[in-house]
Each structure stands twice: as structure tokens, then as C-alpha cells.
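S.K.: Kindly return the folded structure for what I paste below:
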Amino acid sequence: MLFRAFDIMVAENFLTYDLFVEIADKMGLARVHEVWRGEPTQANFDALLEQPSVEGQRNGILDPSNFAEGVVIRTNPLFRDVFGQWVIVKHKAKKFAEVAHAPTPPKEHVTSPADTFVATFVTEGRIINAVGRLADRGTPLKGTMTDMPALLTEIIADLHKECEPEWKETGMPDGALKGAVSKVLGPLYRKMLDEGT
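M.R.: Coordinates of the predicted model:
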């Protein structure tokens, strides 16, 4: 198992990034590398996407088509928002997006708020990440539709973890989520398998 540190917290606060780097390097602690530092603009952040994964290369994967999932954006020192939450942003490549940016499906394809929620949050990126987490935990996957039970459970757990406020806004009971996810996940996973994604 590989480990890369990305921050050090003391009490309730993170160290500045520069102090984190100094301490990690002195301790010989493997850390996530800094990709870029500069003016925080959309163009600058977008330019960091669709690049070969430096972490992949550091881990011995020399495939130039192995693109990074995205970048984590933070300030130095790290700031909190008005609600006291740390201001840290994930900027992901389109392939790994966990939220659909496509228009809402036509009304005839949406039968409930659960369908709209699932159309927004069950994406190829979320599936790719779920497959990775399952593999990391040693869950045997065959790359066939027989993976669906494990994948369905993982996707639902991830939606509860990452999108619970949005799910609650639908007003739908938790039991409705599994059926709505199944309707989208099955065809989407089959398409990904067919395309070798």
C-alpha cells in the first residue's frame, strides 16, 4: 500500500503548506507533490487538467495515457469560509467528474425527484472512483455486469457520504435511492465496459 501525506493538522489548524513540506521532507515522509502555484483563475486551473499523472509516474506507472484525476486547490495558509469550513476545492477532469454538467433530462425521462438527483450525481467519474475504492479494499471485480451488486452498494454509500444534503432536498425516502440508482448505473456501467473505460 502506498501513502502520500498532503497536510499536517496541529490541534484544529493545518500548517502552512510550506511548513508542511519542510517537516515532511525532514521526516522522510512521502508527500503529494505541488503541481503549481500562482494566480487563482479558471484558465490557470483548467490548464492543470488532462495532464499525465505525476503520482502515477512516481508509483511506477509510465503510461502517458494515465491522466491525473484532477487537482486539489488550496490557499497558503489555508483559509476557512464564513461557516468555519476549510476552503479546499477539487478541480476534476471531465472524465472523472462526479456531477453531471449536462442539461436536465427531458421530462418524459424523469419520473421523480430521485431520477433528477441520480441523473446529476451518478456519472462515469463517480463509477470510476467507486471501482477504484472497491479494488483498493480487495473486493474482487470481474469487469462484467456481475460487478453490479458491489458497485451499487458502493455508489449508494458514496452518494450518502458526498451528496446527502442534495438527496434530502428531493424529499424522497431513502428506499427510493436504490431503485433510481439501479436504473442509471446498470446501463451506464454496461456502456463503460463496452467502451473499455
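
S.K.: Give me the buried positions along the helix or strand of the chain with the lowest mean pLDDT.
M.R.: Lowest on mean pLDDT, DSSP states H and E among the helices and strands of the chain sits helix 54-58, with a mean of 77. Neighbour-count burial for helix 54-58 flags Gly56 (criterion: 16 or more other Cβ atoms under 10 Å). No exception for glycine: its C-beta is placed from N, CA and C like everyone else's.

S.K.: From Pro52, how far off is the most far-flung residue of the chain relative to its centre?
M.R.: Note on the chain: the largest C-alpha distance from the chain mean falls to Lys26, namely 30.5 Å (Cα atoms, centre = their mean). With distances taken as Cβ to Cβ, to the nearest Å, Lys26 is found 29 Å from Pro52.

S.K.: picking that back up, C-terminal to the least confident helix or strand of the chain, what's the next element?
M.R.: Downstream of helix 54-58, the first helix or strand assigned by DSSP states H and E is strand 70-74.

S.K.: Any stretches of the protein with poor pLDDT?
M.R.: 1, 97-110 (pLDDT under 70).

S.K.: Tell me where this protein has helices.
M.R.: Per DSSP state H, the chain carries helices over the ranges 17-27, 42-46, 54-58, 113-121, 124-136, 148-170, 175-195.

S.K.: Please dump those into a markdown table; it should also carry distance to Glu69 for every row.
M.R.: Listed next are the helices of the chain as a markdown table, based on distance: least, Cβ to Cβ, whole Å:
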| stretch | distance to Glu69 |
| --- | --- |
| helix 17-27 | 20 |
| helix 42-46 | 14 |
| helix 54-58 | 9 |
| helix 113-121 | 17 |
| helix 124-136 | 8 |
| helix 148-170 | 15 |
| helix 175-195 | 16 |
